[in-house]
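>>> Provided below for reference: sequence and predicted model.
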Amino acid sequence: MSGTPAQQQTYVLSAPPPVRALAIASVAALLGAVLVVLSATTGLPGLVLVVGVVLLLAGLALAIAGLVLTARLKTTVSLDSNGLHLSRGTARTELPWREITGVDLTANHILVRTSTADGAQILNPRGPSDPSVRRLMNAVREALDADRGYQNLPPG
């Protein structure tokens, strides 16, 4: 009987929200909106209107770029009795347990070593100390041990 996960376990690795980029975007958009309104209501020169519109558009572009890039860094890792399944955007990778020889954790990646030369790199945007990354690593190692028939002996 294999001890690999009988039910599917899913882990989502995503980047933290881009707080700094959103804060800068908010300030730029607010300042741009204020300049546009002041220019329209007080008759300030057209240059103030242009600067306001540019700031407003730059703030919106920065906010959209920050949110899109954060969403693109999301990776879903699923473990089941057949193996490891990776999903990032439209890319899908399936690695059977028998092909996986080990996993390693670096600062920005989880490296899945396989019996073939290609293997897989899972982008880890949260760093090696994140609790969800630790849980994923433990689950993969336990599944690999179980697939090979290894078991922890009771103490004593």
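Looks like it came in fine.
>>> scan the chain for its longest helix.
Longest helix in the chain by number of residues, with DSSP state H as the criterion: helix 46-72.
>>> now do the buried residues in the lowest-mean-pLDDT helix or strand in the chain.
Of all helical and strand segments in the chain, the minimum by mean pLDDT, DSSP states H and E falls on strand 120-123, at a mean of 84. By 16 or more other CB atoms under 10 Å, the buried positions in strand 120-123 come out as 120, 122-123. Heads up, the C-betas are built off the backbone N, CA and C, glycines and all.
>>> of all these, which comes closest to residue 34?
Of all the buried residues of strand 120-123, residue 34 sits closest to residue 123, with 39.0 Å by CB to CB.
>>> quick one: the helices in this structure?
Under DSSP H, the chain gives helices at 19-42, 46-72, 131-148.
>>> will you turn those into JSON lines that also has mean neighbour count?
Converted to JSON lines, the helices of the chain look like this (neighbours: other CB atoms under 10 Å):
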{"stretch": "helix 19-42", "mean neighbour count": "15"}
{"stretch": "helix 46-72", "mean neighbour count": "15"}
{"stretch": "helix 131-148", "mean neighbour count": "16"}
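>>> in JSON lines, list these along with distance to residue 104.
Shown next, in JSON lines, are the helices of the chain (distance: least, CB to CB, whole Å):
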{"stretch": "helix 19-42", "distance to residue 104": "30"}
{"stretch": "helix 46-72", "distance to residue 104": "24"}
{"stretch": "helix 131-148", "distance to residue 104": "9"}
